[in-house]
Every structure is written in structure tokens, then in C-alpha cells.
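when you get a sec, could you give me coordinates for this:
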Amino acid sequence: MQASQNKKNEQMLISDGIPLKKKLSKALFRSRLRAFGLVTPLLLLISIGFVFPILVFLTRGVYNDTFEKYMVNLTPILAEWNGISEPTEEMYKALVLDLVWLKETKNIGKVASRMNREMSGSRSLFTSSARKAKKTRSTI
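The predicted model follows:
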């Protein structure tokens, strides 16, 4: 019985004099590190190619600033408006200025598509209004 305990207490050594257990754990660590190094490009591709776009679309579903970004004249006026009273002439002028600018910069489709998500049928209304506003630009 005592002989078996002595064998358990004795460490198996390799030819260098390093314990076998330590050498084995070092070799396993190296192989795991190499495996992780080989998998890292794949993980980066998956995260950049799939996870990141999904997160971007999820945030756009909650917060979309397309209207605020392109309707620069109208947005501050609408922020002050209570939504109950009639729109003022200043609001209409700002709307026309923004529509003309969007038509010239060819960004009317972005705002029209964004508004169409909120109110069905407003895309064609925005694009036709932008065409008409561009014609009447000289009166403003």
C-alpha cells in the first residue's frame, strides 16, 4: 500500500527533467492557441459580415434620422410646433426650400421612402411636390 502511495507522490519526468504533467499542459495550451488563431479570421468575417449589419438594421428600426438629416430647414420648426395648431407660412416656406434642395441634390427619394413608411402613399406626394416646388422656386 505504501509503495503505491510513493508512486502517486512521485512525478513522472521526461528526459529534460520537466514534469510530464507540466509539459503536457503546455503542449495543450499551444494547440488551443493555434486553433483559436486559425478560427479568428472566420469569427471576424462572421461578426463583420453578419452580426454588425443586423445590429445596424435593428438600431435603424428604432431610430432613423433620415428626415432630420435631410429636412434641415423644416426639422427645427417642427420641433417647436405643438402639432395641434395650423401650420404657419414659415413651415410651408421651409418645406418648399427643403424639397427644392432635395430635388437638386437627388436625395428626395430617401426622405420620400422614409415618409412612406410612416404614411402610405406619401412617396409619390413628396416626389411630385418636389418637382412642382422646383418650378416655383423663383417666387420664394
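
am I right that S15 is in a helix?
No: counting by DSSP: H, G, I helix; E, B strand; the rest coil, one finds S15 to be coil, located in no helix.

what residues are up against it?
For S15, the contact set (C-beta atoms under 8 Å, 6 or more residues apart in numbering) is empty. C-beta coordinates here come from the backbone N, C-alpha and C atoms, glycine included.

do you know how far it is from K23?
Using C-beta to C-beta, to the nearest Å, we find S15 at a distance of 10 Å from K23.

nearest the middle, which residue of the protein would you pick?
Among the residues of the chain, the one closest to the centroid is V56, at 2.3 Å (C-alpha atoms, centre = their mean).

quick one: name whatever helix or strand follows the lowest-mean-pLDDT helix or strand in the chain.
The helix or strand of the chain with the poorest confidence is helix 2-9; it has a mean of 51 (mean pLDDT, DSSP states H and E). Towards the C-terminus, the helix or strand next in line after helix 2-9, according to DSSP states H and E, is helix 20-46.

distance between that next one and the chain's centre?
Helix 20-46 sits 32 Å away from the centroid of its parent chain (C-alpha atoms, centre = their mean, to the nearest Å).

and the following helix or strand past it, C-alpha only, in PDB?
Sequence order places helix 52-62 as the next helix or strand after helix 20-46, per DSSP H and E. Coordinates of the C-alpha atoms in helix 52-62 are reproduced here as PDB (Å, rounded to 0.1, in the frame of the first residue of the first chain):
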ATOM      1  CA  PHE A  52     -22.800  44.100 -37.500                       C
ATOM      2  CA  PRO A  53     -25.300  44.600 -40.300                       C
ATOM      3  CA  ILE A  54     -28.100  43.000 -38.200                       C
ATOM      4  CA  LEU A  55     -27.300  45.300 -35.300                       C
ATOM      5  CA  VAL A  56     -27.300  48.300 -37.700                       C
ATOM      6  CA  PHE A  57     -30.700  47.400 -39.100                       C
ATOM      7  CA  LEU A  58     -32.100  46.800 -35.600                       C
ATOM      8  CA  THR A  59     -31.000  50.300 -34.500                       C
ATOM      9  CA  ARG A  60     -32.400  51.800 -37.600                       C
ATOM     10  CA  GLY A  61     -35.700  50.200 -36.900                       C
ATOM     11  CA  VAL A  62     -35.800  52.000 -33.600                       C
END
